[in-house]
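Q: Everything below, folded, please.
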Amino acid sequence: MAAPRNDNVKEIILDATEELMKEQGVDNISLANIATACSISKGTLYYHYKTKEDIVFDIMDRYLKKQEADLLLWLNDESKDTSLNRVLMYVLDRNFHEVGPRFQMLYSACFGNEPLREKVIDRYHRFQTIIADKLQERDDFTKDVANYFSWLALLVTDGMIIQAELGNDAFDADKFIKATEQFFKALF
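A: Residues are numbered from 1 along each chain as shown. Sure thing, here's the model as predicted:
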């Protein structure tokens, strides 16, 4: 099979793999499945990616880079209310409603994919640092307090994603986000 005449073969690979991940999960797809889904040869796939883990990380990286850019754009907009409760709500709402492939990648990183685990931890640290730095800058929190609230937002979001993936009907994410906003607004 010849590669499609497209300068963006990597994007085709990433898009097709992301769809396969949604349908089958990370562990149930192979490079051969990916090549077939992209209508490219295995050789073309290997030219761009040596391992499935590299593809999975690039999918996660693409998703997280977009979230990071959006977060920075929002945080750096002086017209926005970036008080603690608004930052927490932004992170909870955005991370929950724009999950992308994060759950499958977290699962893979937690259960045996060491290179992916290291890359995921690095990304979490970057997000946590960005959020903490902005909280310190805007709300004059100590470093420890800013670090606590930035980790809190990221960890709560992951718990929300797990509840959604479990299909827990007793958990209403939008109601939880709104209640969290009211709680922090009352405190701060």
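Q: Quick check: next helix or strand after the worst-scoring helix or strand of the chain on mean pLDDT?
A: Taking mean pLDDT, DSSP states H and E as the measure, helix 102-110 is the helix or strand of the chain with the lowest mean score, a mean of 80. Note on helix 102-110: by DSSP states H and E, the next helix or strand toward the C-terminus is helix 114-139.
Q: what packs against the next helix or strand after that following helix?
A: Following helix 114-139 in sequence order, the next helix or strand is helix 143-166 (DSSP H and E). Helices and strands touching helix 143-166, by 3 or more C-beta pairs under 8 Å, 6 or more residues apart in numbering; DSSP states H and E, are helix 84-97, helix 102-110, helix 114-139, helix 173-187. Backbone N, C-alpha and C define where each C-beta goes, glycine included.
Q: Could the C-alpha coordinates of stretch 158-170 be exported in PDB?
A: Coordinates of each C-alpha in stretch 158-170 appear next as PDB, following Å, rounded to 0.1, in the frame of the first residue of the first chain:
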ATOM      1  CA  ASP A 158      -8.900  13.000  37.000                       C
ATOM      2  CA  GLY A 159     -11.400  11.700  39.600                       C
ATOM      3  CA  MET A 160     -14.200  13.300  37.600                       C
ATOM      4  CA  ILE A 161     -13.000  11.700  34.400                       C
ATOM      5  CA  ILE A 162     -12.900   8.300  36.200                       C
ATOM      6  CA  GLN A 163     -16.400   8.700  37.400                       C
ATOM      7  CA  ALA A 164     -17.600   9.600  33.900                       C
ATOM      8  CA  GLU A 165     -15.700   6.600  32.400                       C
ATOM      9  CA  LEU A 166     -17.300   4.300  35.000                       C
ATOM     10  CA  GLY A 167     -20.700   5.600  33.900                       C
ATOM     11  CA  ASN A 168     -21.600   6.600  37.500                       C
ATOM     12  CA  ASP A 169     -25.100   8.100  37.100                       C
ATOM     13  CA  ALA A 170     -25.000   9.300  40.700                       C
END
